[in-house]
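**Student:** Task: produce atomic coordinates for the following.
(one chain, ligands or ions: 1)
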Amino acid sequence: MTNERAKFGSRFGLILATAGSAVGLGNIWRFPYMAGNNGGAAFILVYIGCVLLLGIPCMISEFIIGREGASNTARAYTKLSNGTAWKYIGFMGVLTGFLIIGYYAVVAGWCLQYIFASAAGELQGDPKYVAGYFSEFSASPVKPVLWTVAILVITHLVVIRGVRGGIEKASKMFMPTLFVLLLGLVVASCNLPGSGAGVEFLLKPDFSKVDSGVFLGALGQAFYSLSIGMGCICTYASYFSRRTNLLNTAVHISLVDTMVAVLAGLMIFPSAFSVGIAPDSGPSLIFMTLPNVFQQAFTHLPLVGYIVSIVFYVLLSLAALTSLISLHEVCTAFFLEEFRISRLRGATFVTVIACVVGALCSLSLGHTDLQLTIFGKSVFDALDFVTGQILLPFGGFLTCLFLGWYVPKKIVKDQFTNWGTLRGALFGVYLFCVRFVCPICIMLIFLNQFGVI
Ligand code: PFF
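**Tutor:** Numbering: from 1, shown residues only. Okay, here's the model as predicted:
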């Protein structure tokens, strides 16, 4: 079964699929807010620095492990670690995948529901009503669970078609659509009267706001946004060909991801500022604040407001879907290779588990009699916290140590230079980052998160 491993069909498809994993809710609901409140262009510069110093080296490391291991994440780490304890990083990645899918699918399901709610004109009314609509909907026991299952079934239908016929094909459709929709929304938003203040808020550099906390926040965001630390990138890299230039690919993906994040800011801030609403982040931004912003910003052109609102939720759903596909693939590849079952069976197994985890997350936000909490947090919040703040950075940290210090340098160099066919002028810089810069920076994020520094 593992003799002839599936490969992406083209470089373009490979970049779109991997960028699809990276571009997600993190780009839209967190990045703009962080940038706007932490010094605008100054934050964006710090963020780009973090992507260069931390994101790209970590991404290349996962590429190397994935392409060298040529199997699912767990087996790839096992092969390269010769069965030593390092192999558990790969298993941890699969587990993290399941945990992220759970809450991510719930939010993706909300986005689907909001496409229909906007189309039916249900999101119109005063801010209190719109906020109440979300609180009531997200806490109800049935509807959000059904939407979670719906988005997971769509993900399932893509994943069962395999790497080329499913993941690559879907990414080639979804990612360009996402770009076009995003650009359309940016144009609509930046043309509103008074939108200039929003553009200025996002892009005017204010270096006085950049302190160590901001720096560490940017590091964490770069990590989450690039999907590093849990084997997504590693799994996709196992479908790369021997000719794929790893450095080049990592740079392209990071560029696309950062561009989408900045464009998301140029969509949100100008419209919010044009109606004097202060944007926040997270679910409340996209499900409570923005419906009001769209409504008020386009009062004179209600049809445009109506369309903008629908397009926005379609955009969010696509962004979430491509990330979900990558998370699903990590787990599916694991089952189909480790248990030697068909892709359809492996994917079905993953979809069923993901539906259960998703349902628990969704129900934990509602008024049921079940006490769905972990350490005093709802299951939803607990999974978000444990994965985003602990497991992803920890996985990235261990990956850097593993690749930088344990894996033989020859393997790393061969992969970096495509077995000597590329010059690899930056290999030394890359290795220095993986050995020293990345582990130290990630350690700092940890210490900062837990209030030690
Ligand atoms: N990168 C995604 C985002 O920015 O929303 C989130 C994510 C997807 C994290 C897949 C990790 C992952 F493996």
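
**Student:** Can you say which helix or strand has the residue located most distally from the centre of the chain in it?
**Tutor:** Distance to the chain centre peaks in the chain at residue 300, reaching 35.4 Å (criterion: C-alpha atoms, centre = their mean). Secondary structure assignment for residue 300, by DSSP states H and E: no helix or strand.

**Student:** Check it and give its pLDDT.
**Tutor:** Predicted confidence (pLDDT) at residue 300: the value is 88.

**Student:** and it, how far is that from the ligand?
**Tutor:** Going from residue 300 to the ligand by C-beta to the nearest ligand atom, to the nearest Å gives 34 Å. (C-beta placed from N, C-alpha, C; glycine too.)

**Student:** For that residue, give me phi and psi.
**Tutor:** When read as degrees, to the nearest 10, the backbone of residue 300 gives phi -80, psi -20.

**Student:** which residues sit in contact with it?
**Tutor:** Shown in contact with residue 300 (C-beta atoms under 8 Å, 6 or more residues apart in numbering): no residues.

**Student:** ok, now with 10 Å
**Tutor:** Counting by C-beta atoms under 10 Å, 6 or more residues apart in numbering, residue 300 makes contact with residue 193.

**Student:** what's the answer for residue 36, then?
**Tutor:** Going by C-beta under 10 Å, 6+ apart, residue 36 touches 43, 198, 201-203, 265, 268-269, 272-273, 278-279, 281.

**Student:** element containing it, please.
**Tutor:** helix 31-37.

**Student:** before we move on, back to that, next, work out how far apart the residue farthest from the centre of the chain and residue 275 are.
**Tutor:** Going from residue 300 to residue 275 by C-beta to C-beta, to the nearest Å gives 12 Å.

**Student:** for residue 106, same thing?
**Tutor:** Distance of residue 106 to residue 275, computed by C-beta to C-beta: 29 Å.

**Student:** Of the two, which one has the most company?
**Tutor:** Between residue 106 and residue 275, residue 106 has the larger neighbour count (other C-beta atoms under 10 Å), namely 30 against 18.

**Student:** can you tell me how far residue 62 sits from residue 73?
**Tutor:** Residue 62 is 9 Å from residue 73, where distance means C-beta to C-beta.

**Student:** helix or strand for the residue in the stretch 301-450 of the chain that the ligand sits nearest to, which one?
**Tutor:** Residue of the stretch 301-450 of the chain nearest the ligand, by C-beta to the nearest ligand atom: residue 323 (4.0 Å). Using DSSP H and E, residue 323 falls within helix 302-338.

**Student:** Off-centre distance for that helix?
**Tutor:** Centroid separation between helix 302-338 and its chain, computed with C-alpha atoms, centre = their mean, to the nearest Å, is 10 Å.

**Student:** quick one: buried residues of that helix?
**Tutor:** In terms of neighbour count (16 or more other C-beta atoms under 10 Å), helix 302-338 has its buried residues at 305-338.

**Student:** Buried only: go through the contacts of residue 36 for me.
**Tutor:** The neighbour count (16+ other C-beta under 10 Å) marks 43, 198, 201, 202, 203, 265, 268, 269, 272, 273, 279, 281 as buried among those.

**Student:** tell me the pLDDT at residue 221?
**Tutor:** 89.

**Student:** so which helix or strand takes in the closest residue to residue 273 other than its chain neighbours?
**Tutor:** For residue 273, ignoring the flanking residues on the chain, the nearest one in space by C-beta to C-beta, 6 or more residues apart in numbering is residue 198 at 3.4 Å. When elements are assigned from DSSP H and E, residue 198 belongs to helix 196-203.

**Student:** Which residues outside that helix are in contact with it?
**Tutor:** Outside helix 196-203, the residues within contact range by C-beta under 10 Å, 6+ apart are 32, 35-37, 40-41, 43-44, 189-190, 192, 204, 262, 264-274, 276, 278-279.

**Student:** buried stuff in the next helix or strand after that helix?
**Tutor:** Once the chain leaves helix 196-203, the next helix or strand it forms, by DSSP H and E, is helix 212-225. In terms of neighbour count (16+ other C-beta under 10 Å), helix 212-225 has its buried residues at 214, 215, 216, 217, 218, 219, 220, 221, 222, 223, 224, 225.

**Student:** residues touching the first one, list them.
**Tutor:** With contact set as C-beta under 10 Å, 6+ apart, residue 214 has these partners: 34, 37, 38, 39, 42, 43, 46, 47.

**Student:** Swap in 6 Å and give it another go.
**Tutor:** Taking C-beta atoms under 6 Å, 6 or more residues apart in numbering, we find residue 214 in contact with residue 38.

**Student:** please renumber so the chain begins at 46
**Tutor:** With 46 as the first residue, the last one maps to residue 259.

**Student:** Kindly report the residues of the protein close to the ligand.
**Tutor:** 66-67, 69-72, 145, 269-270, 272, 275, 277, 368, 371-372 (C-beta under 6 Å from any ligand atom).

**Student:** repeat that with 5 Å
**Tutor:** Applying C-beta under 5 Å from any ligand atom, one finds that the chain approaches the ligand through 67, 69, 70, 71, 270, 272, 275, 277, 368.

**Student:** Mark which of the residues you listed are part of helices, please.
**Tutor:** Among those, the members found in helices (DSSP state H) are 67, 70, 270, 277, 368.

**Student:** TSV for those, including pLDDT?
**Tutor:** Listed next are those as TSV, based on pLDDT from 0 to 100:
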residue	pLDDT
67	98
70	95
270	96
277	96
368	98
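
**Student:** nearest to residue 201, of these?
**Tutor:** Closest approach to residue 201 among these (C-beta to C-beta): residue 368, at 14.9 Å.

**Student:** how many other residues sit next to residue 346?
**Tutor:** 13.

**Student:** next one: residue 239
**Tutor:** Residues near residue 239, counting by other C-beta under 10 Å, number 13.

**Student:** dump the residue contacts of the closest residue to it other than its chain neighbours.
**Tutor:** Spatial nearest neighbour of residue 239, excluding adjacent residues (C-beta to C-beta, 6+ apart): residue 319 at 4.2 Å. Counting by C-beta under 6 Å, 6+ apart, residue 319 makes contact with 237, 239, 240, 342.

**Student:** again with residue 448
**Tutor:** Applying C-beta under 6 Å, 6+ apart to residue 448 gives the contacts 106, 479.

**Student:** Assign it to helix, strand or coil.
**Tutor:** The assignment at residue 448 comes out as helix when based on DSSP: H, G, I helix; E, B strand; the rest coil.
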